[in-house]
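Student: below are the sequence and a predicted model; questions follow.
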Amino acid sequence: MESVTIHEQHADLVQKCREGDSFGFKKLYEYYSVAMYNTSLRIVNSAVEAEDVLQEAFIDAFRNIDSFENRSSFGAWLKQIVINKSINILKKRRVELVEIEPGGMEETMVADAPEEDNNHLKVQQIKDAIKKLPDGYRATLSLYLLEGYDHEEIAQILGVAESTTRTQYIRAKKKLLEIIKTG
């Protein structure tokens, strides 16, 4: 008996969606909705806005299912939609990412590099601390640490210079440690 990979199962569901089969829509939603909600929530830090992003992302994905070309998994394609919509919410809030001088990155990295000790922090403390970060810091930290994007990709997503995302990440880590230590 042949084993079918998750990617192949989802490709079948995508095909069902292209054919207008409601079962395909339902199954893809069931499979991805929690993960996509959590991705958005980590960026926007608002349950209501994350729910809106989730619904809008699925509507867009299903409406444009014919443009999905199977170059990546459906989940990766959907996650990009969710992240873009989440970032748009932050832009509506007018998140300002601070640009830095091109030559000043090395000094900033050294000056802002927090001392990281090996203390054992509880996961919930870290989650709570991340929620307290300013939008720009939280978005950059989430995209880098939790979603696995590199600084070049984050810069493209946010529409800023790569040096800006690096600075935001360094400052976010420093601020996160401050919140944890005082909190």
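Tutor: That came through, no problem.

Student: give me the residues contacting whichever strand or helix holds Phe23.
Tutor: Taking DSSP states H and E as the criterion, Phe23 maps to helix 22-44. Outside helix 22-44, the residues that touch it by CB atoms under 8 Å, 6 or more residues apart in numbering are 10, 12-17, 47, 49-51, 53-54, 57-58, 62, 74-75, 78-79, 82-83, 85-87, 89-90, 130, 135, 138-139, 142-143, 146-147. Where you see a C-beta, it was placed from the backbone N, CA and C, and this is true even at glycine.

Student: out of those residues, which are buried?
Tutor: 10, 13-14, 16-17, 49-50, 53-54, 57-58, 62, 74-75, 78-79, 82-83, 85-87, 89-90, 130, 135, 138-139, 142-143, 147 (16 or more other CB atoms under 10 Å).

Student: test my guess that Phe68 contacts Gln15.
Tutor: No: with contact defined as CB atoms under 8 Å, Phe68 does not count as touching Gln15 (10.3 Å).

Student: show me the domain layout of the chain.
Tutor: 6-92, 102-182 (automatic domain parsing).

Student: can you give me the neighbour number for Thr5?
Tutor: 8 (other CB atoms under 10 Å).

Student: pLDDT score assigned to it?
Tutor: Here the pLDDT value assigned to Thr5 is 72.

Student: output the helix or strand harbouring Lys85 as CSV, nothing but the C-alphas.
Tutor: Lys85 belongs to helix 74-92 when assigned by DSSP H and E. C-alpha atoms of helix 74-92 as CSV (Å, rounded to 0.1, in the frame of the first residue of the first chain):
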residue,chain,number,x,y,z
PHE,A,74,-0.4,25.4,0.1
GLY,A,75,0.4,26.2,3.8
ALA,A,76,3.5,28.3,2.8
TRP,A,77,1.5,30.2,0.3
LEU,A,78,-1.3,30.8,2.8
LYS,A,79,1.1,31.8,5.5
GLN,A,80,2.5,34.5,3.2
ILE,A,81,-1.0,35.9,2.7
VAL,A,82,-1.6,35.9,6.4
ILE,A,83,1.7,37.6,7.1
ASN,A,84,1.1,40.2,4.5
LYS,A,85,-2.4,41.0,5.8
SER,A,86,-1.0,41.1,9.4
ILE,A,87,1.7,43.5,8.4
ASN,A,88,-0.9,45.7,6.6
ILE,A,89,-2.7,46.0,9.9
LEU,A,90,0.5,47.2,11.6
LYS,A,91,1.0,49.7,8.8
LYS,A,92,-2.5,51.0,9.4
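
Student: report all helices and strands that it contacts.
Tutor: Packed against helix 74-92 by the contact rule (3 or more CB pairs under 8 Å, 6 or more residues apart in numbering; DSSP states H and E) you find helix 6-18, helix 22-44, helix 47-63, helix 135-141, helix 151-158.

Student: among those helices, which is the most enclosed?
Tutor: Across the helices and strands packed on helix 74-92, averaging neighbours per residue (mean count of other CB atoms under 10 Å) puts helix 135-141 on top, at a mean of 24.
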